[in-house]
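S.K.: coordinates only, sequence not included:
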Ligand code: PMP
């Protein structure tokens with residue numbers, strides 16, 4: 001083995017595998033709970049799924065052909081209000097960030113990551129040979145705007161996963177103006193928030209805003225993300241991106257149909273927002289601008305998450321989020337029935 005393992009890149013030893021929310025299969029196998037009795041609130045998915053028009057479109061894809069992206073790009077341009085030249089697509093927003101880090105990061109490059117936040121930024125940085133510069137978020141989980149010197153990139157998540165707060169326009173402007181690095185503003189959850197800062201891309205040559213169809217559009221399983229970028233960045237992105245941008249006929253057809261049925265998305269978002277309000281009030285939780293709540297637990301988060309799972313309710317233990325400590329969990333806002341099951345189990349366990 002050693003004869004061959006010496007070929008591995010040394011940076012790998014700095015990483016632990018990304019810890020995703022638990023799935024149905026694992027819980028069914030571990031606790032013998034059938035899938036229909038499991039309440040899955042650990043991955044910030046949308047319980048209402050995609051528009052029926054998406055399901056219809058998926059029926060007529062040509063699986064033997066490679067995908068064509070023109071109509072999808074037109075749809076995203078309409079939705080974002082930006083020209084196609086400014087839009088890039090990828091295999092989820094994860095795929096978009098992967099290509100972006102490949103065009104900007106080299107060995108030793110410094111990358112600013114305010115924590116706690118989505119852990120894939122760290123994985124991408126380290127795998128590019130870069131050096132993450134972590135700074136803890138301030139009170140209220142605001143982003144520290146004194147960007148470390150000489151960073152090549154900064155990853156700001158807003159609304160932030162897992163804490164749920166948004167970064168103010170002033171703070172983003174401060175970050176963008178105080179660095180020569182590229183600022184990636186992750187707006188994966190923005191459809192659930194009061195405000196988007198997408199309009200700032202027009203004003204700054206170093207700001208990219210990432211988006212996804214995984215959350216509000218209910219397309220997590222099809223892996224379609226995009227970003228709005230200054231044209232000079234989008235141009236370089238197209239040089240480095242994988243063939244067909246890592247898309248499939250299914251993700252393209254679904255994206256096209258989803259962009260044609262914004263009403264469905266708005267309705268599902270509004271159901272989730274009214275449940276978010278109910279849960280926030282009931283749990284006296286800190287306000288969230290995403291489709292999830294960040295809750296402090298008295299007992300260790302690992303044991304809370306395990307006990308919840310034993311009752312068939314999957315939530316996220318936030319320990320794998322660097323800087324989140326070991327007393328926080330994250331719960332996705334589900335349907336009213338799912339939220340009731342969560343509340344019942346949570347009250348029993350945390351009483
Ligand atoms: N950014 C954040 C903050 C996320 O929470 C997620 C999904 N967990 C992503 C990006 C990745 O989204 P996608 O499914 O589009 O790859």
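M.R.: Perfect, I can see it now. Remember, predicted model here, so these are calculated numbers, not experimental data. Numbers count the residues shown, from 1 in each chain.

S.K.: can you list the residues of the stretch 151-300 of the chain near the ligand?
M.R.: 157, 161, 186, 188, 212, 214, 220, 225 (Cβ under 6 Å from any ligand atom). Quick note: C-beta positions are derived from backbone N, CA and C, even for glycine.

S.K.: OK, contacts around the second one?
M.R.: By Cβ atoms under 8 Å, 6 or more residues apart in numbering, the contact list for residue 161 reads 44, 117-118, 188-189, 290, 292, 330.

S.K.: One more: the first one?
M.R.: When contacts are counted by Cβ under 8 Å, 6+ apart, residue 157 touches 117-118, 121, 186, 188.

S.K.: Next, find the distance separating residue 108 from residue 208.
M.R.: Distance of residue 108 to residue 208, computed by Cβ to Cβ, to the nearest Å: 22 Å.

S.K.: Compare the two and say which is more crowded by neighbours.
M.R.: The neighbour count for residue 108 versus residue 208, taken as other Cβ atoms under 10 Å, is higher for residue 208 (25 against 9).

S.K.: Now for the residue lying closest to the more buried one once chain neighbours are set aside, how many residues are close by?
M.R.: Closest residue in space to residue 208, ignoring its immediate chain neighbours: residue 229 at 4.4 Å, by Cβ to Cβ, 6 or more residues apart in numbering. A count of nearby residues for residue 229, using other Cβ under 10 Å, gives 26.

S.K.: so who does residue 229 touch?
M.R.: Going by Cβ under 8 Å, 6+ apart, residue 229 touches 86-88, 201, 208-209, 237.

S.K.: What about the residues you listed, which one has the most neighbours?
M.R.: Neighbour counts for the contacts of residue 229 peak at residue 88, which has 27 neighbours (criterion: other Cβ under 10 Å).

S.K.: Give me the sheet partners of the host helix or strand of that one and which way each runs.
M.R.: Residue 88 belongs to strand 87-91 when elements are defined using DSSP states H and E. Strand pairing for strand 87-91, using DSSP bridges, gives strand 224-228 (antiparallel).

S.K.: I figured residue 114 hits residue 136, correct?
M.R.: Yes - the criterion here is Cβ atoms under 8 Å, and residue 114 meets it with residue 136 at 7.3 Å.

S.K.: Pick out whichever of those two has more residues nearby.
M.R.: Using other Cβ under 10 Å, the more surrounded residue of residue 114 and residue 136 is residue 114, with 26 against 11.
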